[in-house]
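Colleague: okay, structure incoming, though there's no sequence with it:
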């Protein structure tokens, strides 16, 4: 949009095109709006980085003359200031939470009589759209990595003393790089048992305690909503509204719709959806631990069989990053080293390291192959090989999008790292291998 364009944004009460706020954020267009505020797309004039900007614009409390920037407070100014401070306080908490599956907030500021925060601009679509694109439901095998990522994010938020209160497929974003991110903290509140909370809910995902301003809400409230999200994603059916279940519980287990669902997952989802908060998982960590230990579901065996076939024919040395890889290093270490799957698609499977290992989604280049669309794994992700001059085993990240982690340290792409017995390699959503030297 060129300077001087007189067209109004949609909605017309949004900031005008070409507005610059906080001295550096250029407003391009409206991305969306709701009861709590307006989200804009723009960019940082200092570094040309694309950003999203959330404006506190509570429906019914404020208004704005079309074409202007300042908000007009319609309600009592004291109430508006109090609610605006809540908006900023919750944003500050999320800003302080460091987790790669939480929306990253860059800055918070006040201007035009209201408050804003600038955050990363995500590329992808929300989980609900993703489900609809895949015929109305997705497999547990496909959903599980995303849920583990969101559970990790929620655990971080809960430890910081905040509950989300609005978890649903609409507020989980599947990024184009395969990562899931938790978004929209407009309904989030601090965990304080002495204060009542506003009644904000989504039917099918909100537990009974969320229907009351003085209902006892906590981590278990988000547990229910995430259980409902899982239920909807894998069955294609919206869970029965919790307030109806209090009178007569007609919710059937997800296994009634999904025949190949692992039994432990079926039980975990139903426990998360218990209408009695005391009978649910009390923390997100408890829920996550059960899901993390669960069977990934259909898909593991077929890919394991594919791996065995590819292992038999893989003998081509690779020369990435200037190191000549030896497919059969003739030493005791090579003959006794193995890679043990500890979590993820290849959990509990062992792979001998008597030849080069290439991990990724490209079946033509890799011999540990992950399915297309696996979160956080690149086509050629990382490589393990022997450096024959030193008889040492090396791990190298091949420029992957989301990184390779060795003992929880992210590797620099293209830099070989020597492996030792007991080392832990992690990549993607939930893929963990242990290095073992059986000498």
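Modeller: Happy to help now that I have it. The shown structure was predicted, so the numbers you read here are calculated from the model rather than taken from an experiment.
Colleague: return the helix or strand in this structure with minimum mean pLDDT.
Modeller: When each helix and strand of the chain is scored by mean pLDDT, DSSP states H and E, helix 300-313 comes last, with a mean of 35.
Colleague: which stretches of the protein form helices?
Modeller: Counting by DSSP state H, the chain has helices at residues 77-96, 127-133, 140-159, 219-235, 242-247, 263-272, 284-292, 300-313, 332-336.
Colleague: what's the mean pLDDT across the second one?
Modeller: If I follow you right, that is helix 127-133. The average pLDDT within helix 127-133 is 93.
Colleague: list the buried residues for it?
Modeller: Neighbour-count burial for helix 127-133, counted by 16 or more other Cβ atoms under 10 Å, picks out 127, 128, 130, 131. Quick note: C-beta positions are derived from backbone N, CA and C, even for glycine.
Colleague: do the first one as well
Modeller: Of the residues in helix 77-96, those with enough neighbours to count as buried (16+ other Cβ under 10 Å) are 80, 83, 84, 86, 87, 88, 90, 91, 93, 94, 95.
Colleague: least reliable of the helices of the chain going by mean pLDDT?
Modeller: Here the lowest mean pLDDT among the helices of the chain goes to helix 300-313, at a mean of 35.
Colleague: for the chain, which spans come out with low pLDDT?
Modeller: 1-6, 192-200, 295-336, 387-391, 438-439 (pLDDT under 70).
Colleague: let me see the domain layout of it.
Modeller: Domain ranges of the chain: 20-120, 124-292, 300-437, per automatic domain parsing.
Colleague: return the distance of the first one from the chain's centre.
Modeller: It refers to domain 20-120. Relative to its chain's centre, domain 20-120 lies at 22 Å (Cα atoms, centre = their mean, to the nearest Å).
Colleague: let's have the chain start at 23 instead
Modeller: From this message on, residue numbering opens at 23, which makes the last subject domain 42-142.
Colleague: coming back round to it: for the buried residues of helix 149-155, work out which two are farthest apart.
Modeller: 150 and 152 (7.1 Å; Cβ to Cβ).
Colleague: burial count for residue 299?
Modeller: Using other Cβ atoms under 10 Å, the number of residues around residue 299 comes to 19.
Colleague: burial measure for the closest residue to residue 223 other than its chain neighbours, as a count.
Modeller: Ranked by Cβ to Cβ, 6 or more residues apart in numbering and with sequence neighbours excluded, the top spatial neighbour of residue 223 is residue 232, at 4.8 Å. Number of residues near residue 232 (other Cβ under 10 Å) recorded here: 24.
Colleague: so how far is residue 382 from residue 374?
Modeller: 19 Å (Cβ to Cβ, to the nearest Å).
Colleague: nope, residue 453 is what I meant
Modeller: Residue 453 is 11 Å from residue 382, where distance means Cβ to Cβ.
Colleague: which neighbours do the two share?
Modeller: Common contacts of residue 453 and residue 382, defined by Cβ atoms under 8 Å, 6 or more residues apart in numbering, comprise 392, 399.
Colleague: which of the buried residues of helix 149-155 sits closest to residue 313?
Modeller: The closest of the buried residues of helix 149-155, once distances to residue 313 are taken by Cβ to Cβ, is residue 149, at 15.9 Å.
Colleague: strands of the stretch 323-461 of the chain, residue ranges please.
Modeller: Using DSSP state E, counting those that start in this stretch, the strands of the stretch 323-461 of the chain run over 359-365, 372-374, 379-382, 390-391, 404-409, 414-419, 426-428, 431-432, 439-440, 446-449, 453-459.
Colleague: cool, the stretch 23-172 of the chain as well?
Modeller: All strands of the stretch 23-172 of the chain, identified by DSSP E, counting those that start in this stretch, fall at 42-43, 47-55, 59-66, 72-78, 84-85, 94-95, 127-133, 136-142, 146-148.
Colleague: the ones you listed into TSV, with extra columns for distance to residue 426?
Modeller: Below are those laid out as TSV (distance: least, Cβ to Cβ, whole Å):
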stretch	distance to residue 426
strand 42-43	39
strand 47-55	33
strand 59-66	30
strand 72-78	27
strand 84-85	48
strand 94-95	51
strand 127-133	27
strand 136-142	22
strand 146-148	22
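Colleague: wait, which of the ones you listed is closest to residue 315?
Modeller: Comparing these against residue 315 with Cβ to Cβ, the closest turns out to be strand 146-148 (27.8 Å).
Colleague: just checking: what are the partner strands of the closest one?
Modeller: strand 194-197 (antiparallel) (DSSP bridges).
Colleague: list the buried residues for the strand it pairs with?
Modeller: Neighbour counts over strand 194-197 (16+ other Cβ under 10 Å) mark 194, 195, 196, 197 as buried.
Colleague: same list (those residues) but as TSV, adding distance to residue 34.
Modeller: Shown next, in TSV, are the buried residues of strand 194-197 (distance: Cβ to Cβ, whole Å):
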residue	distance to residue 34
194	31
195	27
196	32
197	31
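Colleague: residue 205: which of those is nearest?
Modeller: Nearest member of the buried residues of strand 194-197 to residue 205, counting by Cβ to Cβ, is residue 195, at 5.1 Å.
Colleague: OK, contacts around that closest one?
Modeller: 125, 144, 146, 147, 148, 149, 202, 203, 204, 205.
Colleague: report the buried members of those.
Modeller: Of these, these count as buried by 16+ other Cβ under 10 Å: 125, 144, 146, 148, 149, 202, 203, 204, 205.
Colleague: just put the residues you listed in a markdown table and tack on distance to residue 459.
Modeller: Output for the buried ones among the contacts of residue 195, formatted as a markdown table (distance: Cβ to Cβ, whole Å):
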| residue | distance to residue 459 |
| --- | --- |
| 125 | 41 |
| 144 | 42 |
| 146 | 40 |
| 148 | 45 |
| 149 | 41 |
| 202 | 35 |
| 203 | 38 |
| 204 | 39 |
| 205 | 44 |
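Colleague: now residue 94: how far from residue 35?
Modeller: Distance from residue 94 to residue 35, by Cβ to Cβ: 10 Å.
Colleague: need the overlap of contacts for the two.
Modeller: Common neighbours of residue 94 and residue 35 (Cβ under 8 Å, 6+ apart) are 85, 86.
Colleague: quick one: which of residue 374 and residue 382 has more around it?
Modeller: residue 382 (22 against 14).
Colleague: quick check: residue 140 touching residue 75?
Modeller: Yes - between residue 140 and residue 75 there is a contact under Cβ atoms under 8 Å: 5.1 Å.
Colleague: shared neighbours, the two?
Modeller: Common neighbours of residue 140 and residue 75 (criterion: Cβ under 8 Å, 6+ apart): residue 47.
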